[in-house]
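J.: sequence-free structure coming up:
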């Protein structure tokens, strides 16, 4: 107990000394930039915090650890309170150490529950999150009601976050943690990529997956803990998730996603802090989260390729192409080999689209193919029949590779096989280009 | 007709089982002693809780407060059982956060935090959270946990801002919104049938009755949809419809509980009782009942603790519920860690004891007449303190049960009963070696170790079956005689 | 009126086709084995028929009606992996679930349903286990329980998704004896199966599937070395052995 107190005292005095130095530094910087001291301090802190959350959050999201940050943040609250009780004064580094300790205990409890009992992971997270948070609320209300220094603890501000209390020392803590995490990610980028992409493969290759996972967890813990004073316990998870999830929409490359998430985090931090400083009484956490959500929504809807709008357009185009292909094939077959009974009523939308593309025109008794339509129909039918032949003759190539809606068989499969199948179809009289001769000599469609 | 097939593990399963995990034999009948002790403990706790609350100052008010807390946590606990079973605990968490903006908006409109519009608004938001998460997953390719994290934090953030903005004009304390105001809830009364009762108990009572009615009416639908959603849909019960109904009920209960325990800690009341109950029983009905017991105890002790320490009630209720959960994890009658640990210790003692008997039997069989120290390990490997302790414990219990006796010089000798046991084990061992050699074509130096493990699980019936399959062999692959049964 | 009529069914996950223009008609009661390599869409076929996987295209009719109207006449045994074995239900509870479909919304199973469930349990030799929690059973016993549940559905058309996965030989044989009895009683049973060695012994109709139906028909006509090769390709040496065996039988 004595040793503990001694360590705590040492840490807090060290924290004070560092805080004094950094105070001078920030003041100098503020004068040089011509910005008020407090504003610079707050903006720098939230910006750094956002950036590092973005970087770490990328991996958390990809490794399906999004809600671990949430559990950790909630589980940190009792540690904050206990650390305050031990130290007796509000000392940010000491309280953050306490938060880290109880957060880690919480994560350990989740893992132990999942492995050792019939409790599933979701319930384990929920239980740890809510019970630890409840304990934190009990401790904090006890501190406020029963101890003389209680109301100075500012424990309330840890729940929803507050920027006004940020001191120069906090900036130092955030900056150090930020540098450490970014350095770790930069150094072990390859390992993180491998483990987040395919952990079983990484394990089989002899990479220490557990160590990498632990490193990721440690980074999440550090980011969550340094974010608590600013964003608050309840919403810390959002800061961790949002930049990474938003960046995912814009790029398919991990390094680009990481950089973009850092930039998003930075922007969200600055904009959120600036907005909340304009309006009195508004806690910072919710504002930052709402700014982030806005960014996420913009990304989710309007990002090229992966955004919802782009995907919807692509899906519609795809569905139409399929429908038109089927229409063309059926019309072509109807004019050539079999009297297949294609009914215009089943293809109304496809006919409209095919007319727009110039494949089909009205005829006396309904519709007929144009020259372009005939060519397109031959292409489509050839592909369809090639794929069918592949499925029948080379099933081992088909499963996994067969993608009849997307790629033409002649592009995907080796030419030798295509040649052989072509001959077979010719011999069976099912090769579309030779059907044309029949159609042409057969007179009017 | 299919013949009864009672071998719980086929020999092949055992062959593949890892060596360090002997398969625990299943109890033929459920052992009721654990449940009886548990029931007694719970009754004692109830009495203690009631006594504690009764000793508090102003007991009349205390009872109303406890009643509110108990109604609230029971409703949450009941509906939470299904969240736990459907592995949707976190969706419950998300919904309880996400209804906040609905509550705030409705409050600005109507000026009070109870009433039909608020319930409808909150239920809509609850379903909306589910829908939004699913939409993000289906249309945005966002993983479910990530989507949930974004949806509920965003809605909660919006709610907090609404409350903070609104708190300027109207009397809505952010603290109460987040942590509840159970202490005050008993003061705000209305007259129902001429009796002065707290307003919240009416709301919460309706919520509890609705939950009970929901579960009773859709008992089998909820059961089948939770157990196997695919089967439910295939049988014509739309699993998605049941899912949304459940989420609406969760949202409704959350809102009703909100005045008592606030919007953050309601999740503890939702998940912890259900999870605790799942550790205590293997029947759905009992699980619901246990969740109510856990909820009631949380309310009693949570309230007493909060008065005693002068702290927030919702927090102490969460802590008490968490304590009960931790106790259940360790001490639950069938699924507790303690019981599992004891069973594995007992099993390993039995195995060590049987090994000693078997070695004594083999020694007798060899009939060298030399003194034989069965207290040493089988292959002369160095033994840890734990292994030596376990061995001497096992030998003591063998002596105790009359299978083995100590000679005057301290060496161990088999009794007649012990010889019988030893013969059975050695027979099982050699039969299994023969079986492995015959059917798996294992080399001779590979058959001893699996047999060493399996011999403890081959009862007389399986031995007979094996012997029949092997056409009553007389010798094992090593050329040693297989003793008759 | 055909038992099952699948017309031009296409199922795609993420725009990638899993089943492609599948046509299949079962005219009369059969014991049907659905066979094909991994990823050929066997389970998907069953799920799509039951409406559990979205069809991109095509129609399914059962007894001449859309599936929604005849759900009560369809029984289903899902894959065992999809089940949470810690779920607090007893063996009898699970079998009783089979009667839910006939009861409809809100009505509870009564003594008659219990009686039926016990009879079904007895048919699979599990009557002594009705109070066990399902997690406390061996793999074979779990599968027997699920079979009893399907029996309790009293359906006319059954779909079973890999009922033989992870069961012992005794249970497998027992299950097929029972399926044979169902077949004799005029029911149709569609079984997704993976063990080619037992096909001829168990099924009187096979569907060889590889994204499309490669072959479908009575076992002695459709289960040939040639159709097997066209379904599985040349990738399994075990298959060649089976193919040889089939060919040898054809010659004899």
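T.: Yep, that arrived. None of these values were measured; they are calculated from a predicted model.
J.: does stretch A:298-312 reach chain B?
T.: Yes: under the criterion of CB under 8 Å from any CB of the partner chain, stretch A:298-312 makes contact with chain B via A:300, A:306, A:308, A:311-312. From N, CA and C alone the C-beta is placed, and that goes for glycine too.
J.: what comes up buried for that stretch?
T.: Applying a neighbour-count criterion of 16 or more other CB atoms under 10 Å in any protein chain shown, one finds A:299-300, A:303, A:306-308 buried in stretch A:298-312.
J.: in stretch B:220-240, which residues are buried?
T.: In stretch B:220-240, counting by 16+ other CB under 10 Å, buried: B:220-237, B:239.
J.: hmm, it touching chain C?
T.: Yes: applying CB under 8 Å from any CB, one finds stretch B:220-240 touching chain C at B:220-221, B:223-224, B:226-228, B:230-231, B:233-237.
J.: what helix or strand is the residue in chain B that chain A sits nearest to on?
T.: Residue nearest to chain A within chain B: residue B:318 (2.5 Å; CB to the nearest CB). Following DSSP states H and E, one finds residue B:318 within helix B:313-331.
J.: what's the next secondary structure element after the helix or strand hosting residue B:396?
T.: Residue B:396 is part of helix B:385-400 when elements are defined by DSSP H and E. Per DSSP H and E, the first helix or strand lying C-terminal to helix B:385-400 is strand B:404-406.
J.: now that next one: average pLDDT?
T.: For strand B:404-406, mean pLDDT is 80.
J.: lowest-scoring secondary structure element of chain B by mean pLDDT?
T.: The helix or strand of chain B with the lowest confidence, counting by mean pLDDT, DSSP states H and E, is helix B:11-16 at a mean of 36.
J.: compute the inter-axis angle for the helix or strand following that one and helix B:313-331.
T.: Going down the chain from helix B:11-16, the next helix or strand is helix B:33-54, by DSSP H and E. The directions of helix B:33-54 and helix B:313-331 differ by 160 degrees, with axes from the mean of the first three to the mean of the last three CA atoms, to 10 degrees as the criterion.
J.: give me the buried positions along the next helix-or-strand element following helix B:33-54.
T.: Using DSSP H and E, the next helix or strand after helix B:33-54 towards the C-terminus is helix B:59-85. Neighbour counts over helix B:59-85 (16+ other CB under 10 Å) mark B:62-85 as buried.
J.: now the closest residue to chain B within chain A: how far from residue C:79?
T.: Closest approach between chain A and chain B, counting by CB to the nearest CB: residue A:134, at 2.5 Å. From residue A:134 across to residue C:79, the span is 40 Å (CB to CB, to the nearest Å).
J.: same question for residue A:374.
T.: With distances taken as CB to CB, residue A:374 is found 47 Å from residue C:79.
J.: again with residue B:386
T.: Taken as CB to CB, the span from residue B:386 to residue C:79 is 42 Å.
J.: ok, the two, which is more surrounded?
T.: Using other CB atoms under 10 Å in any protein chain shown as the criterion, residue B:386 and residue C:79 rank with residue C:79 on top: 17 against 9.
J.: wait, that one sits on residue C:43?
T.: Yes: under the criterion of CB atoms under 8 Å, residue C:79 makes contact with residue C:43 at 6.8 Å.
J.: got any residues that touch both of those two?
T.: Each of C:161-162 lies in contact with both residue C:79 and residue C:43 under the rule CB atoms under 8 Å, 6 or more residues apart in numbering or on different chains.
J.: go ahead and measure how far stretch B:323-332 is from the middle of the chain.
T.: 9 Å (CA atoms, centre = their mean, to the nearest Å).
J.: is chain C contacted by that stretch?
T.: No: residues of stretch B:323-332 contacting chain C under CB under 8 Å from any CB: none, with a closest distance of 12.9 Å.
J.: elements contacting the helix holding residue B:396?
T.: Applying 3 or more CB pairs under 8 Å, 6 or more residues apart in numbering or on different chains; DSSP states H and E, one finds that helix B:385-400 contacts helix B:337-366, strand B:404-406.
J.: just put these in a markdown table and tack on distance to chain C and mean neighbour count.
T.: Listed next are those as a markdown table, based on distance: least, CB to the nearest CB, whole Å; neighbours: other CB atoms under 10 Å in any protein chain shown:
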| stretch | distance to chain C | mean neighbour count |
| --- | --- | --- |
| helix B:337-366 | 14 | 17 |
| strand B:404-406 | 34 | 16 |
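J.: can you put those in TSV and add distance to residue B:40?
T.: Listed next are the helices and strands packed on helix B:385-400 as TSV, based on distance: least, CB to CB, whole Å:
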stretch	distance to residue B:40
helix B:337-366	17
strand B:404-406	38
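J.: out of the ones you listed, which comes closest to residue B:278?
T.: Comparing those against residue B:278 with CB to CB, the closest turns out to be helix B:337-366 (14.7 Å).
J.: report all helices and strands that the closest one contacts.
T.: In terms of contacts (3+ CB pairs under 8 Å, 6+ apart), helix B:337-366 is packed against helix B:313-331, helix B:385-400, strand B:404-406, strand B:412-414, helix B:416-440.
J.: so which helix or strand takes in residue C:206?
T.: Using DSSP H and E, residue C:206 falls in strand C:205-210.
J.: and the helix or strand hosting residue A:123, anywhere near chain C?
T.: Counting by DSSP H and E, the element that carries residue A:123 is helix A:121-146. No: shown here: helix A:121-146 not in contact with chain C (CB under 8 Å from any CB), separated by at least 11.0 Å.
J.: could I get the average pLDDT for the helix or strand just after that helix?
T.: Next along the chain after helix A:121-146, taking DSSP H and E as the criterion, comes helix A:155-160. On average, the pLDDT along helix A:155-160 is 75.
J.: please apply the same query to stretch C:122-135.
T.: 84.
J.: for it, measure first residue to last.
T.: 20 Å (CA to CA, to the nearest Å).
J.: do it and chain B meet?
T.: Yes: for stretch C:122-135 and chain B, the contact criterion (CB under 8 Å from any CB) is met by C:122-126, C:128, C:131, C:133, C:135.
J.: read off the pLDDT value for residue 204.
T.: Using chain A here. The per-residue pLDDT of residue A:204 was computed as 77.
J.: meant chain C, my bad for not saying
T.: Value for residue C:204, per-residue pLDDT: 87.
J.: ok, for it, nearest residue in space, not its chain neighbours?
T.: residue C:31 (5.2 Å; CB to CB, 6 or more residues apart in numbering or on different chains).
J.: now the one you found, which residues is it bridged with?
T.: For residue C:31, the beta-bridge partners are residue C:189 (DSSP bridges).
J.: look up the closest residue to the residue minimising distance to the centre of chain C, ignoring the ones flanking it.
T.: Geometric centre of chain C, nearest residue: residue C:160, 2.0 Å, by CA atoms, centre = their mean. Take residue C:160 and drop its neighbours on the chain: the residue closest to it by CB to CB, 6+ apart is residue C:77, 4.2 Å away.
J.: residue contacts, that neighbour?
T.: Applying CB under 8 Å, 6+ apart, the residues contacting residue C:77 are C:146-147, C:149-150, C:158-161, C:163.
J.: next one: residue A:73
T.: Counting by CB under 8 Å, 6+ apart, residue A:73 has contacts A:103, A:224, A:227-228, A:233-234, A:236-237.
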